[in-house]
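Visitor: can you look at this prediction? I've put the sequence above it.
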Amino acid sequence: MWLAVGGSERPPARGDLKPELIASVLADTWLMDYEPEGERLRYRLVGENIRARYSFPLVGKYLDDTLLPQARDKVRPYFLACVQKPAVSMLLGRLYHQRDRPGYGERLLLPLLSRDGAPEGLIGVTICKQIFESRQEAEERAKRVIVILPLDGSPASEEPD
């Protein structure tokens, strides 16, 4: 859907999105608004599967306020890279690492740009395929790799676990 509604020159704007084209993953999808003055991302919408991972509502909350302190330095940079460069980011492996009962799966982050090219936010999909009983079990059994692929053609960066 992201490729279909975006142009060849830029990623799509939030208003271009067509949720009906991704009905099968809407429960795993989330949207964030970008506030450039503070370099902050705020949850605008979260699917049911994302909502179920948290004990508090995400909509309206800033990303950095939802992360545990030990996760901020790892998570914030790859989220911000997507909207600021812009870039596509993929995480494969351990998810929700600092939370109780971490998971294993995939996360895809895609930038949204206004029609004039200004960063608007992100659309993301997080599919958690397995839940571990503890952080220790997750660390022992699941690695993680984060790939950031800038849309300007510059080299991708990879952050192994």
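Guide: That came through fine.
Visitor: pLDDT score for the residue nearest to residue 36 when sequence neighbours are not counted?
Guide: Leaving aside its sequence neighbours, residue 36 sits nearest to residue 119 (C-beta to C-beta, 6 or more residues apart in numbering; 6.5 Å). Using the backbone N, CA and C atoms, a C-beta is placed for each residue, glycine as well. pLDDT recorded at residue 119 is 95.
Visitor: the longest helix in the chain is where?
Guide: Longest helix in the chain by number of residues (criterion: DSSP state H): helix 69-84.
Visitor: hmm, who's touching that helix?
Guide: The contact list for helix 69-84 (C-beta atoms under 8 Å, 6 or more residues apart in numbering) reads 32, 34, 39, 41, 63-64, 67, 87-89, 91, 97-98, 109-112, 119-122, 146, 148, 159.
Visitor: now do the buried residues in that helix.
Guide: 75-76, 78-83 (16 or more other C-beta atoms under 10 Å).
Visitor: could you dump those to CSV with pLDDT and distance to residue 104?
Guide: Shown next, in CSV, are the buried residues of helix 69-84 (pLDDT from 0 to 100; distance: C-beta to C-beta, whole Å):
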residue, pLDDT, distance to residue 104
75, 86, 16
76, 90, 22
78, 88, 18
79, 92, 20
80, 95, 24
81, 93, 23
82, 94, 22
83, 95, 26
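Visitor: out of those residues, what pair is the most spread apart?
Guide: Pairwise distances across these (C-beta to C-beta) peak at 13.6 Å, for the pair 75 and 83.
Visitor: next SSE downstream of the lowest-mean-pLDDT helix or strand in the chain?
Guide: Within the chain, no helix or strand scores below helix 135-141, which has a mean of 69 by mean pLDDT, DSSP states H and E. Downstream of helix 135-141, the first helix or strand assigned by DSSP states H and E is strand 144-150.
Visitor: just checking, what packs against that next one?
Guide: helix 69-84, strand 87-95, strand 157-160 (3 or more C-beta pairs under 8 Å, 6 or more residues apart in numbering; DSSP states H and E).
Visitor: could you rerun that using 10 Å?
Guide: Using 3 or more C-beta pairs under 10 Å, 6 or more residues apart in numbering; DSSP states H and E, the elements in contact with strand 144-150 are helix 69-84, strand 87-95, strand 103-113, strand 157-160.
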